[in-house]
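*Asks:* Quick check, what structure comes out for this input:
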Amino acid sequence: MAKAATDATAFLKDMMGAFPVDTSAFEGAFQNTASLNEKLTGVALTAAEKSSEISSKWTKDTIAKLTDMTKAKAEPADYAKAMTDFASAQAEVAAENMAAFAEVAKKVQMETVELLMAAGKDVTEEATAAVKKATDDVTTAAKKATAK
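*Replies:* You can find the predicted model right below:
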C-alpha cells in the first residue's frame with residue numbers, strides 16, 4: 001500500500017515536471033492589479049478630501065450666516081428681512097456647492113475612465129505577447145518532436 005502511494009506521488013511529480021508553469025504571468029498580473037488599485041484608491045481619496053473641504057466650508061459659511069441672522073433686531077420687520085436674506089444666500093451657496101461637488105464627481109469619472117482604458121490597453125498588449133510566446137513555444141516544441 002505504501003509503495004502505491006509513493007508511485008502515485010512520483011507519477012504526479014513527473015507529470016507536473018513535464019508541464020512547467022511560468023508564474024511570471026501571474027506575478028505580472030498581480031503587480032498590474034495592485035498598481036491599478038493604488039491609482040484608483042488615490043483618485044477616490046482625493047475626491048473624498050475635496051468633498052470634505054467643500055462640505056466643511058459650506059458648514060462654516062452657514063453657521064456664520066446663522067449667527068448674523070439670529071442677532072437681536074430693532075424692528076420686527078428686520079427679522080423677516082434677515083430670514084429672507086439668509087434663505088436667498090443659502091440658495092445661492094447651495095447652487096455653488098452642488099456645482100463644486102459635480103466638478104469633483106466629473107474629475108473622478110474622467111480619471112477613472114482614463115485609468116481603466118490604460119489598464120485595458122496594457123492587458124491587451126500583455127495578452128498579445130503571451131499568446132505570441134505560447135505560439136512560439138508550441139511551434140518550437142512541435143519542431144523538436146517531429147525532428148526526433
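*Asks:* what packs against the helix or strand Gly120 falls within?
*Replies:* Remark: Gly120 resides in helix 76-147, with elements defined by DSSP states H and E. Here helix 76-147 touches helix 24-69, going by 3 or more CB pairs under 8 Å, 6 or more residues apart in numbering; DSSP states H and E. All C-beta spots, glycine's among them, are computed from the backbone N, C-alpha and C.
*Asks:* circling back to that earlier point, could you give me the average pLDDT of the helix holding Gly120?
*Replies:* Averaging pLDDT along helix 76-147 yields 87.
*Asks:* Distance from the chain centre to that helix, please.
*Replies:* Distance of helix 76-147 from the chain centroid (CA atoms, centre = their mean, to the nearest Å) equals 7 Å.
*Asks:* which ones are touching the spatially most central residue of the chain?
*Replies:* Central residue of the chain (CA atoms, centre = their mean): Leu40, 2.6 Å from the mean position. By CB atoms under 8 Å, 6 or more residues apart in numbering, Leu40 lies in contact with Thr112, Leu115.
*Asks:* quick revisit: what angle do the helix holding Gly120 and helix 24-69 make?
*Replies:* Interaxial angle of helix 76-147 relative to helix 24-69 (axes from the mean of the first three to the mean of the last three CA atoms, to 10 degrees): 180 degrees.
*Asks:* Can you tell me the number of residues neighbouring Ser56?
*Replies:* When neighbours are defined as other CB atoms under 10 Å, Ser56 has 10 of them.
*Asks:* Lys60 too?
*Replies:* 10.
*Asks:* list the contacts for Leu66?
*Replies:* Taking CB under 8 Å, 6+ apart, we find Leu66 in contact with Phe86.
*Asks:* And it, how far from Gln90?
*Replies:* Separation of Leu66 from Gln90 (CB to CB, to the nearest Å) stands at 10 Å.
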